[in-house]
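Asker: need a 3D model of the sequence below.
(2 chains)
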Amino acid sequence: MAVDMSMPVLVVDDYNTMIRIIRNLLKQLGFEDIDDASDGSAALSKLREKKYGLVISDWNMEPMTGYELLKEVRADPGLTKTPFIMVTAESKTENVIAAKKAGVNNYIVKPFNAQTLKTKIEAVFAE
Amino acid sequence: MAIADASHFDRLVDFLKQKRENVTFHDIIALAEVSAQSLQSFFQAMDAKVYGELREIAGYIETMRHEIGALQVNDLKNTRIPLAGEELGAIVQATEAATNTIMECAEAVMGADASDPAAYKALVDEKMMVIFEACSFQDITGQRIAKVVETLQHIEERVSRFADVMQAKDIDGFLNESERERAERRVKFLLHGPQLSGGGVDQAKVDEMFRDPLRMI
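Answerer: This is a model prediction of the structure:
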């Protein structure tokens, strides 16, 4: 399945620079409708207000982590199928396993490059 | 050395072994005298031991006072740690400012109209120069980091020496509620932070785990 470049994408990170980097990379890939949130709870509010085609989230944020956000999304019948990519510096095996068990679609370890982001997005929509 | 010695009570035992038909007031006074004399040597021995122990405690307290002084806690608390904090704050600001500058340049170049090659090249040249200038933050932050590392080494040396001299043993628990909450949050939400080389898995390993979920078991 081809990636729909017109779908809204939600970028969740508590670090403005990282949001800006991901935004620019997504724009370069052709995405136009990009929103952002600074933590899991802010992201959850946005997800319940607008239909997003993809969530790209950091893990370590306060007050709500990306891991909690992922579990909330999967537990919400209206959001449960939303593709979710974790982009994080948390690179312990137990983190990857926990994210996978919680239903993440893909996992990117920071620091990452544009090609990795592109490949993972394509892989999620090829599933 | 045992404080209670059988010899201390010999005279008292001998006195009590003597048969007496009718105990008189004189006998009671005599018993009290013998008791006092018997216990005198006992208390003398005990005094010497207690005195020795008190001297030992006083010596320990003196050593501890010296070592606490050597920690230079006021210097650490009032000067070195706050300065290290300020240096780290300045590092964060400098890296953030440099990152913003570089990203602004990159965004300007990406968004520029390339239909006029000469104008486009001039813009790219100008932005590249700004990027070079912004990268100079690395020199200053390197020096600031060196100062913070020096402070950490200073603290490490003093704390290590103190722990060795005091033969300190760690106890479980948390200093306060906030420390406990932070620790519990790290465990609950698997917050380990960035790993040093070899401490975590790289992207290739993550991809392998996603391709073959059995590897996750």
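Asker: where does chain A have low pLDDT?
Answerer: Scanning chain A for pLDDT under 70 picks out A:1.
Asker: which residue is the nearest non-sequential neighbour of the residue most central in space within chain B?
Answerer: Note on chain B: the residue nearest the mean C-alpha position is B:Val159, at 7.3 Å, using CA atoms, centre = their mean. In space, and not counting its chain neighbours, B:Val159 is closest to B:Leu71: 7.3 Å by CB to CB, 6 or more residues apart in numbering or on different chains. In short, each C-beta sits where N, CA and C put it, glycine included.
Asker: in stretch A:55-70, what counts as buried?
Answerer: Counting neighbours by 16 or more other CB atoms under 10 Å in any protein chain shown, one finds that the buried residues in stretch A:55-70 are A:55-61, A:64-70.
Asker: likewise for stretch A:111-127?
Answerer: A:Phe112, A:Thr116, A:Leu117, A:Lys118, A:Lys120, A:Ile121, A:Val124.
Asker: was I right about the fourth one contacting A:Gly30?
Answerer: Read that as A:Lys118. No. Counting by CB atoms under 8 Å, A:Lys118 sits too far from A:Gly30 to count as a contact (9.9 Å).
Asker: how about the residues of chain A near chain B?
Answerer: A:17, A:20-21, A:24, A:28, A:59-60, A:65, A:67-68, A:89-98, A:100, A:106-110, A:112, A:116 (CB under 8 Å from any CB of the partner chain).
Asker: give me the buried subset of the residues you listed.
Answerer: For these, buried by 16+ other CB under 10 Å: A:20-21, A:24, A:59-60, A:65, A:67-68, A:89-91, A:95-98, A:100, A:106-109, A:112, A:116.
Asker: follow-up on the earlier one: could you export the buried residues of stretch A:55-70 as a markdown table, including distance to B:Arg65 and secondary structure?
Answerer: Shown next, in a markdown table, are the buried residues of stretch A:55-70 (distance: CB to CB, whole Å; DSSP: H, G, I helix; E, B strand; the rest coil):
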| residue | distance to B:Arg65 | secondary structure |
| --- | --- | --- |
| A:Val55 | 59 | strand |
| A:Ile56 | 57 | strand |
| A:Ser57 | 53 | strand |
| A:Asp58 | 49 | coil |
| A:Trp59 | 47 | coil |
| A:Asn60 | 43 | coil |
| A:Met61 | 46 | coil |
| A:Met64 | 48 | coil |
| A:Thr65 | 46 | coil |
| A:Gly66 | 50 | helix |
| A:Tyr67 | 49 | helix |
| A:Glu68 | 49 | helix |
| A:Leu69 | 53 | helix |
| A:Leu70 | 54 | helix |
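Asker: could you find the closest non-adjacent residue to B:Arg158?
Answerer: Residue nearest to B:Arg158 in three dimensions, not counting chain neighbours: B:Leu71, with 5.1 Å by CB to CB, 6+ apart.
Asker: show me the contacts for the one you found.
Answerer: Contacts for B:Leu71 (CB atoms under 8 Å, 6 or more residues apart in numbering or on different chains) come out as B:Arg158, B:Val159, B:Phe162.
Asker: model confidence for the last one, exactly?
Answerer: Spelled out, it's B:Phe162. With respect to pLDDT, B:Phe162 scores 91.
Asker: now do B:Lys17
Answerer: At B:Lys17, the pLDDT recorded in the model is 77.
Asker: now do the helices in chain A.
Answerer: A:16-29, A:40-49, A:66-75, A:93-102, A:114-126 (DSSP state H).
Asker: just the CA atoms of the longest one, as PDB, please.
Answerer: The C-alpha atoms that make up helix A:16-29 are tabulated as PDB, following Å, rounded to 0.1, in the frame of the first residue of the first chain:
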ATOM      1  CA  ASN A  16      11.400  21.400  20.200                       C
ATOM      2  CA  THR A  17      14.500  20.900  18.100                       C
ATOM      3  CA  MET A  18      13.500  17.200  17.500                       C
ATOM      4  CA  ILE A  19      10.000  18.200  16.500                       C
ATOM      5  CA  ARG A  20      11.500  20.600  14.100                       C
ATOM      6  CA  ILE A  21      13.900  18.000  12.700                       C
ATOM      7  CA  ILE A  22      11.200  15.400  12.200                       C
ATOM      8  CA  ARG A  23       8.800  18.000  10.700                       C
ATOM      9  CA  ASN A  24      11.500  19.000   8.100                       C
ATOM     10  CA  LEU A  25      12.300  15.400   7.300                       C
ATOM     11  CA  LEU A  26       8.500  14.700   6.800                       C
ATOM     12  CA  LYS A  27       8.200  17.700   4.600                       C
ATOM     13  CA  GLN A  28      11.100  16.600   2.500                       C
ATOM     14  CA  LEU A  29       9.300  13.200   2.200                       C
END
